[in-house]
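> Pasting the sequence and the predicted model now:
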Amino acid sequence: MSDITSSAFIREDLVAERPAPVKTTGFIGLVRTRLFNSPTNILLTIAGALLLWFTIVPSVKFLVVDAVWSGNDRTSCLAETAGFAVGACWPYIQAKLPQLIYGFYPEAERWRVNLTLVLAVVLLLPLLIPRLPAKGFNAGLFFFAFPMVAFFLLHGGGLGGFGLSWTAGLLQLFDDSIIGAGQAVLSLSKSSSIGPLLWVVGNLILLVGTAIYWLIYPLTWLRDQLQGTGQSVWTDFAITAVVVTLIAFFLGGGVRAGWRALASSIAAFVAVAIIIKLMGLDHGGLPIVQTNLWGGLLVTLVVSVTGIVTSLPIGIVLALGRRSTIPLIRIFSIAFIEFWRGVPLITVLFFATYMLPLFLPGNFTVDGLVRALIGISLFTGAYQAENVRGGLAAIPRGQGEAAAALGLSWWKMTSLIVLPQALRHVIPNLVNSFISLFKDTSLVSIVALFDLLGSLRASFSDPKWSTPSTAFTGFAFAGIIYFIFCFGMSRYSLFVEHRLNAHRRN
Amino acid sequence: MSTEARKPPAQIALKIRRVLGGKTGWNGIAVQFAFAAILGWIAYEIVSNARTNLENQHIAAGFGFLRNNAGFDVNQTLISYTGSDTFLRVFMVGLLNTLIVSVVGIVFATTIGFIVALCRLSPNWLLSRIGELYVEIIRNLPLLFQILFWYLAVLAALPNPRQSISLLGIFFVSNRGLVVPSPIAESGFEAFLAVLALGIVASLALRFYARRALFQRGHLIRIWPYVLGLLFWLPLLTMLVFGPPFSFELPQLKGFNFAGGSRIIPEFVALALALSTYTAAFIAEIVRAGILSVHSGQMEAGASLGLSRGTTLRLIVVPQAMRVIVPPLTNQYLNLTKNSSLAVAIGYPDLVSVFAGTSLSQTGQAIEIIAMTMGVYLLISLITSAVMSIYGWRISRSLGA
Amino acid sequence: MSNSPIVKISGLNKWYGEFHVLRDIDLSVEKGERIVICGPSGSGKSTLIRCINALEEFQEGEIVVDGIELGPNLKHVDAVRREVGMVFQSFNLFPHLTVLENCTLAPIWVRNIPKKDAEINAMKFLERVKIPHQANKFPGQMSGGQQQRVAIARALTMNPKVMLFDEPTSALDPEMVKEVLDTMVDLAREGMTMLVVTHEMGFAREVANRVVFMDAGQIIEANTPNEFFANPQHARSKLFLSQILR
Amino acid sequence: MSNSPIVKISGLNKWYGEFHVLRDIDLSVEKGERIVICGPSGSGKSTLIRCINALEEFQEGEIVVDGIELGPNLKHVDAVRREVGMVFQSFNLFPHLTVLENCTLAPIWVRNIPKKDAEINAMKFLERVKIPHQANKFPGQMSGGQQQRVAIARALTMNPKVMLFDEPTSALDPEMVKEVLDTMVDLAREGMTMLVVTHEMGFAREVANRVVFMDAGQIIEANTPNEFFANPQHARSKLFLSQILR
Amino acid sequence: ADAQTLKTVKDRGMLSCGVSQGLPGFSSPDDKGNWTGLDVDVCRAIAGEIFNDPTKVKFVPLSAKDRFTALQSGEIDVLSRNTTWTISRDTSLGANFTGVTYYDGQGFMVKKSLKVNSALELNSASVCVQTGTTTEQNLADYFKANNMKYEVIAFGTNDETVKAYEAGRCDVFTTDQSGLYANRLKLANPGEHMVLPEIISKEPLGPMVRHGDDQWFDIVKWTLFALITTEELGVTAKNVDEKAKLENPELKRVLGSDGNFGEQLGLTKDWVVRIVKAVGNYGEMFDRNVGAGSPLAINRGLNNLWNKGGLQYAPPIR
Ligand SMILES: Nc1ncnc2c1ncn2[C@@H]1O[C@H](COP(=O)(O)OP(=O)(O)OP(=O)(O)O)[C@@H](O)[C@H]1O
Ligand SMILES: Nc1ncnc2c1ncn2[C@@H]1O[C@H](COP(=O)(O)OP(=O)(O)OP(=O)(O)O)[C@@H](O)[C@H]1O
Ligand SMILES: [Mg+2]
Ligand SMILES: [Mg+2]
């Protein structure tokens, strides 16, 4: 050993690496360093092990060891017949499985549900795998084409018209309401002290209404003519296609540069035509299955997927509104967001289910499932708005300035530069919202929609399967399904987060 | 030739335009008008439709119904209530039931949440895995699912009152809930209360004194033995002197149910249990993130100054972690309060259940009742966010950001 | 037409709240002229240049770019921005787009040029800044100098009549400053009209027609570089130069 | 007593898992000695210095600080830490406390000094690092250089016998390096025993009694600064110096 | 908007009918979602007379507390869901009862093992009840009147209430007697439970429609009367075609070959034929769903025709 205290020291031969005197890696290292390295830790380890022992062992015993695997009714799951204390009663799940998945969806039509599910998976998987190309196209298919196809597949029914008829109908509705308002004011004027003023206002509104009526008259006339012909859908479709395509062409830059818009418009319409033809939407489509027959996992998935697809745009619009400099829009967005975030979802569902119809015109009914969907979408939309706002705030100011300096308008800047980056930032938060949305769908069972949990509860009251372990078995089954979906999503969000972070680092 | 700084021109017109229309000026005003028109139109449609619909159906409008007799009973009331009380009273009963289950839920959720967070942060591998398992399982199952599970599955597994499980012969668990002895004040009650209050005040004073002693004279005083004495031994002593402060009315099986004692209904237990375990999983993650957000250098800096581990935690790490923890924690408290409305699924008489549920179907006045219910929740969350933003503002000020 | 200046600023005044940042600025820039703006920090150089591009509004005065008037209430903003390219200190490339996409975005969406043509055009400019082979990388994968050159190429793809540079080299590591300055010198040689805020006096000497010295929100001195560096007139300019030229 | 070294490290070995970070370190530091430790990144400098302060445990060897022994299983940790002050690269000030509170926390809670006295004492040290007027600011309101000087003052308030510095200037902007180094030079002049990990060779030349060069977890060379810089013996030291002195 | 329900129904091509979420004998779905029961048959009868197709009904299962809102909002056209006729419901809810399909009264069910024989022995019991019902209010009145204490546990749906009773959450389950019998079938061991003799209230159950549409009100009301009248006349689903051919003046009036009563209702002349073809007469309906021909096996009792000692009485069709 050289004397280090002397001021000069030079190491002649380097010390070689050698293994540590005690093992600190591998299983033994783990046991030594993280389980039994101090008296307190030993105690904690023992306590933990006991805890696990008393939870895992009974669970496994219930789910597997003591379970009954086959049978036709409750008797096979009773201790008297089985001869031992029965755990899970799996034949009950087997018997109720169709109900838990499809609800009362007619047996002969269930292939439609399966097909929709397959379509969803086929479209969703490539969207989730970051390596695959053509994300934009794929997302377009999933977010726009798929919901329509799924609607006609699941619900059935066909089209009575197309774009033109719809536009005409919508405008007419609007006009009717204006005329209605005018008449209301007129009738008020008879009893009011400011009668003459109201009379003038009422007549003015009526005048506007009548003007609009004549303005849109060609459109409504055309619609009525179309509806008269046998081929209303196709004629309407053709007219709509031509009009929309032309508009796209000229807005896209006309002869100079509009070819891209032209081509994509034509492609979109051809795709729509193929779908209409394939599903026979022009002559009634598939037999209608009313939504009150839907149930089980089907409803859970429909509600959550619709919620996911619709809440994001709502959230984006609200988030942009909240950052707008236009006072009314900002105030409205803030009030809207804070309102939905401040009330429990269940009251929102009550509101949508029982009060929405009171606010709609008398002859206008909205399907029960759709009402719940509206409530859930608005509710989740408000939460998504806050997520998106976080993302927007994280974009440096320079990005917007650079885009402005290049001459991009506010809309283009927002949609091409700001939003893509903002959304990328907040994917984990968005996915977390989706997870809570998926879990929250179970609340629709309180407003008499039979989702997975609702169907499960309904199946509990079947005396044919009433045994002491029925409820536990049902909960175990539904719990596993919920867990698989939610856990899958949360893992996926972690994966995306890691990828994003890795991307940001270099 | 340098120009002096001047005041900016007034540009009043521009400023007005800004206020009215935002950055885009006239365009903004136009957009606003269009937007206001659409909003107005929608509002008009809603009001006029609701009016015609209500008129057609002869539904009475207004809040007059609140003074009518409710005519039904509620099985858990914190204030006295009978079937002949008014709907307003029902509203209060429901609100109080919501608040009590929320408060209990919050207390337990916080406790469990901190414990689970500590487990997850524990150097013990097994314990941190168990914590993780808990969080992952609980977070990924719907709350309603868990409420129903605790209520239906577990309730079904409990015996009826005649065979109830007795703990020490004074607590009884059955499918009617948990029956505990109810305290009845005795002669020593006042003395006991007085001494307890004294103990608490003295402990606080002691803490204050200890701080001062440390800061002014450099005396570090260990106060916990004294506090223990004040809060535990002293009341015990008074009990010996003045006799027991209260006796317990023991529950006894009589007829169908237990007579005497206080009963906690299973709906409450299931709801509070589900709410607190569910929220605890989220709180655990928040606490963990908060503690991890305190840079490890802070702990090291404390250690290198010679501060003990406990002192470093108490004076350095926890205050910093709390800043990160408190805002999302409040959010969770709010969520828990809102989630307590799921009581309606298991028949616990909370606000939504007895007011937006039973009262609504007895009176049919959906608009008023739903509006009142939503309003209450909205009020709670608005007040909370107001308090939170004040808190946030104070923090950012004290950090000098 | 070529007689009239391409950028003409007259009587420009701007306030941030009560703070008078730009005071009575008059400046006109002829076509093909290359102006370097310098001055101490906080003197309002960035603000001036951002006003020309309508990134900031101003309260008094007038800016005319290529015959288009930009008044206090920002009319014709889009028209002006289409004629003016800008390069920022912090690059401000779009991180979610590749280099090529960065350069084709504006031509496609603002000028409605077909994607193919826009890409061919963009590659031309990327070659000019000497990074054509990096076209498919993301900005995050490139060095600062390369990013700034992409930013220059991106501005050029819109065929601006005037280019504005706001301290294009000050966020760069020293090794990279030169590659960016070289690019800018090339650009100047080709006759581009340029307004450059910079402290790189070598660059000013080499390419500027005129050096404008600002302080406290006003133009203190404007002169040819030779005159300005050799013989500053104003006391503040002297002080400033003594600090900056070691 | 003054004969025996104030820090004596012998046969120190440390592993991170399988990785042998510190190998057979022997080093003793006399009272008043100022040692600079340098070496390439990852060579174990920080680890060594953190072992002295018991922030890391080690598997073999012994560290004795002022007669107190610190074995592999970390006995006497508190006693040692009370004698040793440490300054970190990233300051590690407590952000929720004012500068003054940062400096009085440990004296009050560890040494049980009355608050008044602790504050008077702290102000003395804050004056020494030349920021007494900032005493009531929060760390977040100060520049990096000021923060690091507060960190030094904070360590000094405990009257340590040895001060450890782990790259105290490497997280600072160049303008601020000097103010911190000046503070450290002052400290050295006053006779404080110091172990400094740094790459500031100017500082090493000016104040160090000895420069210790580490690589791959071992001390390769230790010598007076003059000798070491003028005439490095070991191949690795030569290579390292050639890189670091331009 | 006054007289539009019939038009709305016709336009929709579907009658929207509110029923209970599952009460055997009155309205309950099987595993495939086919609805059966007395209340269900009323809906089918209405659909039958309008569309001549009893399957054109969309059944909307409603819990007790949602039912009126659903009716008010127009989500359903008729509420046929064991609902008690009371004055407050008739007046303040904006709805009208159209008649009585089943005369009922509230009763109690207990486990036999409790060894209780009368409702008066129920002091301090826990009682499960469905929320938002008259039952809930009757219960309060009854226990108060008899000076007994009790604990009420109220649930949103019938199934939840039964489930809680079965799980032992309460000692007593109370609802209309018909409901007690029906729900007893849902229990795992029906034999272990008994219905107590006391009937504590009058519970006339019947369909409900919205206020303000008299035409629709008439249609539903006279559907019930037609069901009873046909039973009086011995017209059944099997023999209706033969009966229609008979030259009996009353039969001719009722079955539509004489007079235009159907058209006056806004329907077709053969409206009664359509009804009977759809569901049979009241007696058949009763038998099939709750009476002797069903697992419930409830006696006709009060629900017999007026001329057989019961209360079912229909005004003449003329
Ligand atoms: N958004 C703003 N609000 C208020 N004051 C501002 C704003 N932007 C800049 N300023 C102030 O205006 C003055 C001029 O800023 P400007 O950025 O134009 O200076 P500069 O000459 O570019 O300086 P540098 O060389 O540091 O970039 C500075 O005092 C600055 O603090
Ligand atoms: N907690 C740890 N776990 C595992 N390895 C570590 C840990 N901390 C440091 N190391 C490794 O130990 C080696 C020595 O680290 P140390 O920080 O002491 O180096 P250093 O000489 O201070 O380098 P630098 O100049 O970069 O600060 C490095 O290779 C590092 O990767
Ligand atoms: Mg600047
Ligand atoms: Mg280091």
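Okay, I see it. Ligands and ions are numbered 1, 2, ... in the order given.
> So for stretch B:54-72, mean pLDDT?
Averaging pLDDT along stretch B:54-72 gives 77.
> how would you label the residue sitting nearest the centre point of chain A: helix, strand or coil?
Using C-alpha atoms, centre = their mean, the residue of chain A that lies closest to the mean C-alpha position is A:I308, 1.6 Å off. Going by DSSP: H, G, I helix; E, B strand; the rest coil, the secondary structure assigned to A:I308 is helix.
> That one contacts A:F434, doesn't it?
Yes: with contact defined as C-beta atoms under 8 Å, A:I308 reaches A:F434; the gap is 5.2 Å. C-betas here are computed from N, CA, C, even on glycine.
> Contacts only, for the closest residue in space to B:A321 that isn't next to it in sequence.
Once flanking residues are discounted, B:A321 sits nearest to B:G290: 4.2 Å by C-beta to C-beta, 6 or more residues apart in numbering or on different chains. Taking C-beta atoms under 8 Å, 6 or more residues apart in numbering or on different chains, we find B:G290 in contact with B:321-322, B:324-325.
> Now B:G290: which helix or strand?
helix B:266-293 (DSSP states H and E).
> Give the rounded mean pLDDT of that helix.
92.
> Likewise for stretch E:72-79?
Mean predicted lDDT for stretch E:72-79 stands at 85.
> now stretch B:215-230
79.
> gap between whichever residue of chain B sits closest to ligand 2 and B:R323?
Ligand 2 sits closest to B:S296 of chain B, with a gap of 10.0 Å, by C-beta to the nearest ligand atom. Distance, B:S296 to B:R323, using C-beta to C-beta, to the nearest Å: 17 Å.
> These two: which has the busier surroundings?
B:R323 (19 against 10; other C-beta atoms under 10 Å in any protein chain shown).
> Which strand or helix spans the residue nearest to that one when sequence neighbours are not counted?
Nearest-residue entry for B:R323: B:I395, 5.3 Å, with adjacent residues in sequence omitted and distances by C-beta to C-beta, 6+ apart. Using DSSP H and E, B:I395 maps to helix B:366-398.
> host element of residue 94?
Assuming you mean chain A. A:Q94 belongs to helix A:90-102 when assigned by DSSP H and E.
> um, chain C though
Using DSSP H and E, no helix or strand contains C:F94.
> what about it, how many neighbours?
Neighbours of C:F94 (other C-beta under 10 Å): 22.
> surely it meets A:Q399?
Yes: checked against C-beta under 8 Å, the pair C:F94 and A:Q399 is within contact range at 6.7 Å.
> Mind listing the shared neighbours of those two?
A:417, A:421.
> hang on, C:L164 in a helix?
No: using three-state DSSP, the assignment for C:L164 is strand, not a helix.
> Identify the bridge partners of it.
Per DSSP bridges, the residues bridged to C:L164 are C:M86, C:L195.
> okay, now it: neighbour count?
C:L164 is flanked by 26 other residues according to other C-beta under 10 Å.
> what sits against C:F19?
So C:F19 contacts B:A5 (C-beta under 8 Å, 6+ apart).
> Assign B:V74 to helix, strand or coil.
From three-state DSSP, the assignment for B:V74 is coil.
> Now do the strands in chain E.
Along chain E, counting by DSSP state E, strands occupy E:15-20, E:28-29, E:35-36, E:57-62, E:78-79, E:95-97, E:102-104, E:106-111, E:125-130, E:150-155, E:172-176, E:193-195, E:203-205, E:208-210.
> Tell me the strands beside the second one, with direction?
In the sheet containing strand E:28-29, its partner strands are strand E:35-36 (antiparallel), by DSSP bridges.
> Residues contacting the strand it pairs with, please?
E:19, E:27-30, E:57, E:59, E:289.
> Buried members of these into ChimeraX, please.
Buried members of these, defined by 16 or more other C-beta atoms under 10 Å in any protein chain shown, are picked up in ChimeraX with:
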select /E:19,27,28,29,57,59,289
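> Restricting to the contacts of strand E:35-36, which residues neighbour ligand 2?
Among the contacts of strand E:35-36, proximity to ligand 2 is found for none (C-beta under 6 Å from any ligand atom).
> Buried residues, stretch A:297-315. List them.
A:297-308, A:310-312, A:314-315.
> For burial, what's the neighbour tally of residue 88?
Because you didn't say which chain, this covers chain A. Neighbour number of A:A88 under other C-beta under 10 Å is 25.
> sorry, should have said chain C
Neighbours of C:F88 under the rule other C-beta under 10 Å: 23.
> Next up, the contacts around the closest residue to it other than its chain neighbours.
Of all residues not flanking C:F88 in the chain, C:D166 sits nearest, at 5.7 Å (C-beta to C-beta, 6+ apart). By C-beta under 8 Å, 6+ apart, C:D166 lies in contact with C:45-46, C:49-50, C:86-89, C:197.
> and with 10 Å instead?
Shown in contact with C:D166 (C-beta atoms under 10 Å, 6 or more residues apart in numbering or on different chains): C:37, C:45-50, C:53, C:55, C:86-90, C:195-198.
> do the same with A:L128
Counted by C-beta under 10 Å, 6+ apart, A:L128 has contacts A:138, A:492, A:495-496.
> mind running it again at 7 Å?
Taking C-beta atoms under 7 Å, 6 or more residues apart in numbering or on different chains, we find A:L128 in contact with A:Y492.
> Show the pLDDT at it.
81.
> Helices of chain E, start to end?
E:5-12, E:38-51, E:67-73, E:87-92, E:134-145, E:158-166, E:177-184, E:214-233, E:240-245, E:249-255, E:261-265, E:271-279, E:282-289 (DSSP state H).
> Select, out of those, the one closest to B:I367.
Across the helices of chain E, B:I367 has its closest neighbour in helix E:67-73 (10.2 Å, C-beta to C-beta).
> Report whether that closest one contacts chain B.
Yes: residues of helix E:67-73 contacting chain B under C-beta under 7 Å from any C-beta of the partner chain: E:68-69, E:72.
> So that helix, near chain A or not?
Yes: counting by C-beta under 7 Å from any C-beta, chain A has neighbours in helix E:67-73: E:69, E:73.
> Show me the helices in chain C, by range?
C:45-52, C:77-83, C:99-109, C:115-128, C:144-156, C:174-189, C:201-207, C:225-230, C:235-244.
> Near the closest residue to C:Q148 other than its chain neighbours, how many other residues are there?
Leaving aside its sequence neighbours, C:Q148 sits nearest to C:V180 (C-beta to C-beta, 6+ apart; 4.9 Å). The tally of other residues near C:V180 (other C-beta under 10 Å) stands at 25.
> residues in contact with C:V180?
C:145, C:148-149, C:168-169, C:172.
> Can you pull the poorly scored residue ranges out of the stretch 1-150 of chain A?
Within the stretch 1-150 of chain A, the ranges that satisfy pLDDT under 70 run A:1-7, A:22-26.
> for it, what spans make up the strands?
Per DSSP state E, counting those that start in this stretch, the stretch 1-150 of chain A carries strands over the ranges A:9-10.
> For it, which residues are neighbours of ligand 1?
Counting by C-beta under 6 Å from any ligand atom, the stretch 1-150 of chain A has no residue next to ligand 1.
> so which residue of the stretch 1-150 of chain A comes closest to chain C?
A:K135 (12.1 Å; C-beta to the nearest C-beta).
> number of nearby residues for the closest residue to that residue other than its chain neighbours?
Using C-beta to C-beta, 6+ apart and skipping the chain neighbours, the partner closest in space to A:K135 is A:L127 (6.8 Å). Close neighbours of A:L127, defined as other C-beta under 10 Å, add up to 15.
> returning to that earlier point: turn the helices of chain C into JSON lines, including distance to A:R323 and mean pLDDT.
Shown next, in JSON lines, are the helices of chain C (distance: least, C-beta to C-beta, whole Å; pLDDT from 0 to 100):
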{"stretch": "helix C:45-52", "distance to A:R323": "21", "mean pLDDT": "90"}
{"stretch": "helix C:77-83", "distance to A:R323": "20", "mean pLDDT": "84"}
{"stretch": "helix C:99-109", "distance to A:R323": "22", "mean pLDDT": "90"}
{"stretch": "helix C:115-128", "distance to A:R323": "30", "mean pLDDT": "90"}
{"stretch": "helix C:144-156", "distance to A:R323": "26", "mean pLDDT": "90"}
{"stretch": "helix C:174-189", "distance to A:R323": "34", "mean pLDDT": "84"}
{"stretch": "helix C:201-207", "distance to A:R323": "39", "mean pLDDT": "86"}
{"stretch": "helix C:225-230", "distance to A:R323": "45", "mean pLDDT": "86"}
{"stretch": "helix C:235-244", "distance to A:R323": "40", "mean pLDDT": "81"}
